[in-house]
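Enquirer: just coords:
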């Protein structure tokens, strides 16, 4: 194995840790904050969800993508290998959910949080968006978790 392959694999694995670690911890963090029903706690948590997703989820995803594609390209891996194609599909589907559903919902929630931290009243729309965020967030988290199987075991 070349040192390039190994260094790209290290970057890829660091991306996995940042990406999966953040989406799991952030989901838990937000769930616990929302359970308090305290506008100040929820507003703080909502802001941190947005910030940490931008830094760690996006950063981890970029590391995963760049290092993974670089290793595939530099080392002539077969894109049609089932483990690779399934892994890329799950990663892509998770990304689509983040871009189309989760990020827009949390941006709207963060804007609402700026208001309800002042008024003390959490609008019904916040909770509707929250239910949507939780539902799609679970799916967007399970996809990369299943992806671990494909990437580690590389079934034929």
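Expert: Received it, and whenever you're ready, just let me know what you need. No experiment lies behind these values; they were computed from the predicted model shown. Numbering: from 1, shown residues only.

Enquirer: who are the packing partners of the longest helix along the chain?
Expert: Ranked by number of residues, the top helix in the chain under DSSP state H is helix 3-36. Under the contact criterion of 3 or more CB pairs under 8 Å, 6 or more residues apart in numbering; DSSP states H and E, helix 3-36 touches helix 39-52, helix 58-74, helix 124-153. All C-beta spots, glycine's among them, are computed from the backbone N, C-alpha and C.

Enquirer: tell me what the last one is packed against?
Expert: Right, helix 124-153. helix 3-36, helix 82-97, helix 103-119.

Enquirer: so residue 74 touches residue 8, yeah?
Expert: Yes: Residue 74 is in contact with residue 8 according to CB atoms under 8 Å; the separation is 7.5 Å.

Enquirer: comparing these two, which residue is more hemmed in?
Expert: residue 8 (21 against 12; other CB atoms under 10 Å).

Enquirer: next up, the contacts around the more buried one.
Expert: 67-68, 70-71, 74 (CB atoms under 8 Å, 6 or more residues apart in numbering).

Enquirer: please pick the buried ones from those.
Expert: 67-68, 70-71 (16 or more other CB atoms under 10 Å).

Enquirer: export those residues as JSON lines, with columns for pLDDT and distance to residue 145.
Expert: Putting the buried ones among the contacts of residue 8 into JSON lines (pLDDT from 0 to 100; distance: CB to CB, whole Å) gives the following:
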{"residue": "67", "pLDDT": "97", "distance to residue 145": "19"}
{"residue": "68", "pLDDT": "95", "distance to residue 145": "17"}
{"residue": "70", "pLDDT": "97", "distance to residue 145": "24"}
{"residue": "71", "pLDDT": "94", "distance to residue 145": "21"}
